Each structure stands twice: as C-alpha cells, then as structure tokens.
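Visitor: The sequence and its predicted three-dimensional model are supplied below.
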Amino acid sequence: MAGMKGKQTVRDMILSLGLICVAAGVIYLFVPHDDKEPELKRLDYRVELLTARRAASYPVAAPEGLPDSWKATSVRFQGDQSDAWHLGYHAPDGQYVGVEQSAAEKTSEFIEDATQGAEKTEDTEEIGGRTWQRYEGERYDALVLPGEGSTTVVTGSASFAQLRTMAEALETE
C-alpha cells in the first residue's frame, strides 16, 4: 500500500499540472492581444498658447500649418521659471519633437536640459532667414536658435528633417 500512495501522488501532480496548462491556454485564447500602440489623442493647446503669449517676456513660438499627421501631445507654460514654454508633438514617423523656449539667463543650462545633454556641432541650418545651431545627442538631436531675451530649441528623437519641418512651421503671432 505504501508504494501505491507515492505513485498516486506523482500521478495527481501530473494531472494537476496538465489541468493548469489547459486552463492557462483557455485564458490565453480569450485575452485580447493587441500589439499596436494605442492611438494618441490630439491635444488642443490654444488656451495655453494665448496665456503664454500674454504672459511671456518674449514672442512665444508655436507651429502653424503642420499636416494633421503631426499631433500635439503636451503643453506647459511656467511663468515662474524664466517664462518656460514647452510644446510636445508626435511626428508622423512616430518620433517625438518638442519646442522649448525660455528667457533663462543661463542659456547653456536651459539648452542642456531641453536637449537631454546633446552636444553642439559645427553644423548650422538656415531656416526662415535665421541661423539655427545643430546639436547631436544619444537620446535627442536639436536645432537651437539663440535670440534676444529668449532661446528657442526644437528637439526630440525625430530626424533632423522632422526637426527642420517643425522649425520652419514656427510662428510667433
């Protein structure tokens, strides 16, 4: 009898394991498996833009005329932090593009923060009659436009072509 009890225990464990595997398989079949990214909602930032343009000490830039494939996803104006303006976009290729502006006195710190530590290169780009400085980094690349009273940074994980498209679309009023 003692030998029989051990065989039943092993058999019962194997049967239990099989039952658990069948149950897990059934659950797997009925749980939805959607591997695509969720659809990003387009953000309407008109109120924040009007507020920033009234309050900021510099002309606040925002894109005009971008195709619908560009989606605004984040916006922020911090008047108490050097009139910092942020506008984030999801570009058509799925990458991130951000517009950052600030009246910060320490321009180098602002640029380092906005570009996620990207380094200044020798390359420049002429966009809209103004010279933008190129920055390259591990995480983000950027186009930087120093100005009187403020600095504008177009940055993100997108290609320089996408960054240029955003910079070309920027309008201040």
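Guide: Arrived safely.
Visitor: What strand or helix carries Glu138?
Guide: In this assignment (DSSP states H and E), Glu138 forms part of neither any helix nor any strand.
Visitor: Oh, that last question was meant for Val97, not what I typed.
Guide: Going by DSSP H and E, Val97 is in strand 96-102.
Visitor: ok, the closest residue to Ser74 other than its chain neighbours - how many residues close by?
Guide: Spatial nearest neighbour of Ser74, excluding adjacent residues (C-beta to C-beta, 6 or more residues apart in numbering): Gly88 at 3.6 Å. For the C-beta atoms, the positions are set from N, CA and C on the backbone; glycine is no exception. The number of residues packed near Gly88 is 19, by other C-beta atoms under 10 Å.
Visitor: tell me the pLDDT at Gly88?
Guide: Note for Gly88: predicted pLDDT of 96.
Visitor: three-state assignment of it?
Guide: strand (DSSP: H, G, I helix; E, B strand; the rest coil).
Visitor: Can you name the residues bridging to it?
Guide: Ser74, Gly98 (DSSP bridges).
Visitor: doesn't Asp93 make contact with Ser69?
Guide: No. With contact defined as C-beta atoms under 8 Å, Ser69 does not reach Asp93; the gap is 9.1 Å.
Visitor: Give me the more crowded residue out of those two.
Guide: Using other C-beta under 10 Å as the criterion, Ser69 and Asp93 rank with Asp93 on top: 12 against 9.
Visitor: would you say that one is within a helix?
Guide: No. Remark: Asp93 does not belong to a helix; assigned using three-state DSSP, it is coil.
Visitor: any idea how far Gln78 is from it?
Guide: Relative to Gln78, Asp93 is positioned 29 Å away (C-beta to C-beta, to the nearest Å).
Visitor: try Tyr96
Guide: Counting by C-beta to C-beta, the gap from Tyr96 to Gln78 is 20 Å.
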